[in-house]
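**Q** Sequence and predicted structure below; questions after.
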Amino acid sequence: MIKEVYNYYLSPDKSLAKKLRSVLGYTPRNLSLYKLAFYHKSMNDAQTQNNQHNERLEYLGDAILSTIVAEYLFKKYPTRDEGFLTKMRSKLVKRKTLNSLANDMGLDIILSAYSQGRMSKSMLGNAFEALIGAIYLERGFRGTKDYVINEVLLKHLDIHELEILDDNFKSQLLEWGQKNGINVDYRLVSKYKQDKRDRFKVAVMVGGDEVSNADDFNKKAAEQLASSRALQKLNISNAV
């Protein structure tokens, strides 16, 4: 209790402690751990130059979040098969969903203090996963599970809306190709650095011809965006 009071009222990072309390519902004891969750490796300062950034916490948070979501779905849908559960988990933990969750939770306000004006949507999802990693290290699996289910999934997601949502544009395009006997393939056009991060440009090849392309920091995300554009260009669906 003394540590929490110090962090909230007296710590040099008391502003962060107050913002985190509004997001988490409690004041963290190990404030430096939570602060690290918002440092991306693209940030050019002494901390990130010494490899003190959020990638390790992001890795841990990703694994913990996936486990919690898998168990939550397993119990929520006792009669649904493995295929349905896998698709639902993918919808819940994919980058687009995590970016939206982080924004709704107000993590953008915290992240902006450390991003030095170079904040991207993907950094929000990264910070969210890193935050889950920090919560796990301080409060254990049970505490993290309670937080994710009660403060994130139930408050910021419409699980029933996600059930009927099909925004896997790559899958839609591949199924269309199989149905019509048309080969659909993906080609990595280029891989380059932007803000110290790998960025991928991917092209969609339909019947051997390039139909669309897209760039993103994540190769799978680039494929999804390029697929969405291909669906729209080919007038296959109402993809945006």
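**A** Yep, that arrived. Predicted model, so just to flag it, every value in this text is computed and none were measured.

**Q** from here on, contacts and neighbour counts on C-alpha atoms
**A** Noted.

**Q** Would you list the phi and psi of Asn183?
**A** Per-residue torsions, Asn183: phi -70, psi 130 (degrees, to the nearest 10).

**Q** List the contacts of it.
**A** 177, 205-208 (C-alpha atoms under 8 Å, 6 or more residues apart in numbering).

**Q** Look at Tyr26 and report its pLDDT.
**A** The model reports Tyr26 with a pLDDT of 95.

**Q** Under a three-state scheme, what state does it occupy?
**A** When states are read from DSSP: H, G, I helix; E, B strand; the rest coil, the local structure at Tyr26 comes out as coil.

**Q** ok, it - how many residues close by?
**A** In terms of burial, Tyr26 registers 13 neighbours under the definition other C-alpha atoms under 10 Å.

**Q** Then Val211?
**A** The tally of other residues near Val211 (other C-alpha under 10 Å) stands at 17.

**Q** where does the closest residue to Asp195 other than its chain neighbours land on pLDDT?
**A** Spatial nearest neighbour of Asp195, chain neighbours left out: Ser42 (5.5 Å); criterion: C-alpha to C-alpha, 6 or more residues apart in numbering. As summarised for this prediction, Ser42 has a pLDDT of 73.

**Q** how about the strands in this protein?
**A** Per DSSP state E, the chain has strands spanning 184-194, 197-206, 209-216. These are given in chain order.

**Q** which secondary structure elements does the longest one contact?
**A** It stands for strand 184-194. helix 169-180, strand 197-206 (3 or more C-alpha pairs under 8 Å, 6 or more residues apart in numbering; DSSP states H and E).

**Q** just the second one next, same as before
**A** The contact analysis (3+ C-alpha pairs under 8 Å, 6+ apart) places strand 197-206 against strand 184-194, strand 209-216, helix 219-233.

**Q** looking at those, which is buried most?
**A** Highest mean neighbour count of the helices and strands packed on strand 197-206: helix 219-233, a mean of 22 (counted as mean count of other C-alpha atoms under 10 Å).

**Q** now that one: how far from the chain's centre is it?
**A** The chain centroid and the centroid of helix 219-233 are separated by 18 Å under C-alpha atoms, centre = their mean, to the nearest Å.

**Q** just to revisit the earlier point, isn't the residue nearest to Asp195 up against Lys193?
**A** No - between Ser42 and Lys193 there is no contact under C-alpha atoms under 8 Å: 10.6 Å.

**Q** can you tell me which residues contact Val184?
**A** Residues in contact with Val184 (C-alpha under 8 Å, 6+ apart) are 173-174, 177, 204-208.

**Q** again with Phe74
**A** Leu85.

**Q** can you rerun that using 10 Å?
**A** For Phe74, the contacting residues are 68, 80-82, 85-86, 89, by C-alpha atoms under 10 Å, 6 or more residues apart in numbering.

**Q** Leu162 and Met88, how far apart?
**A** 7 Å (C-alpha to C-alpha, to the nearest Å).

**Q** of those two, who's got more company?
**A** For Leu162 and Met88, the more surrounded residue by other C-alpha under 10 Å is Met88, and the numbers stand at 19 against 14.

**Q** can you tell me how far the more buried one sits from Ile110?
**A** Using C-alpha to C-alpha, we find Met88 at a distance of 29 Å from Ile110.

**Q** for Ala222, same thing?
**A** When distances are taken as C-alpha to C-alpha, Ala222 and Ile110 turn out to be 27 Å apart.

**Q** can you check His160 too?
**A** With distances defined as C-alpha to C-alpha, the gap from His160 to Ile110 amounts to 30 Å.

**Q** how about the helices and strands packed on strand 197-206, which one is nearest Asp104?
**A** Distances from Asp104 to each of the helices and strands packed on strand 197-206 were compared by C-alpha to C-alpha, and the smallest falls on helix 219-233, at 20.6 Å.
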